[in-house]
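Novice: what shape does this take:
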Amino acid sequence: MDIGNILGVFIGWPFLALAPAALFAALYFRCRRPIVLVATLAWLAYFPYEQAMKLRILCSGECNIRVDLLLLYPLLMLVSVLALAVYFKTGRKARDA
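Specialist: Model prediction:
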């Protein structure tokens, strides 16, 4: 199973994007780092966007080829990985102090 198939689950069930949003929100309240907030907001913004695509509000007819995801998925993954790295680095510094 590749990352595209894993992320593709958000196409069928956009509300699942609220799970990483909630995770990053919880992490943000623990560490207060801006990149973690950016990840939270990115996932929160992705949810209504994907929901509107599913309901064919933003897509008029042919939505089978989603070129937008070639940009969105890498950006979501990049900001998510950066947020996790910053969170764990912050946590390690707090434990070492």
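Novice: how about the helices in the protein?
Specialist: 3-7, 9-12, 18-31, 34-54, 69-96 (DSSP state H).
Novice: count of residues packed around Trp43?
Specialist: When counting by other Cβ atoms under 10 Å, one arrives at 23 neighbours for Trp43. Every residue, glycine included, has its C-beta placed from N, CA and C.
Novice: give me the nearest residue to it, chain neighbours excluded.
Specialist: Ala21 (3.7 Å; Cβ to Cβ, 6 or more residues apart in numbering).
Novice: hmm, Pro48 and that neighbour touching each other?
Specialist: No: counting by Cβ atoms under 8 Å, Pro48 is not a contact partner of Ala21; they are 11.1 Å apart.
Novice: comparing those two, which residue is more hemmed in?
Specialist: Ala21 (19 against 13).
Novice: pLDDT at that one, what is it?
Specialist: Predicted confidence (pLDDT) for Ala21: 98.
Novice: mind listing what the residue nearest to Trp43 touches?
Specialist: Thr40, Trp43, Leu44, Phe47 (Cβ atoms under 8 Å, 6 or more residues apart in numbering).
Novice: my read: the last one touches Trp13, true?
Specialist: No: applying Cβ under 8 Å as the test, Phe47 and Trp13 come out as separate, 10.6 Å apart.
Novice: between these two, which one's more packed in?
Specialist: The neighbour comparison of Phe47 against Trp13 (other Cβ under 10 Å) goes to Phe47, with 18 against 11.
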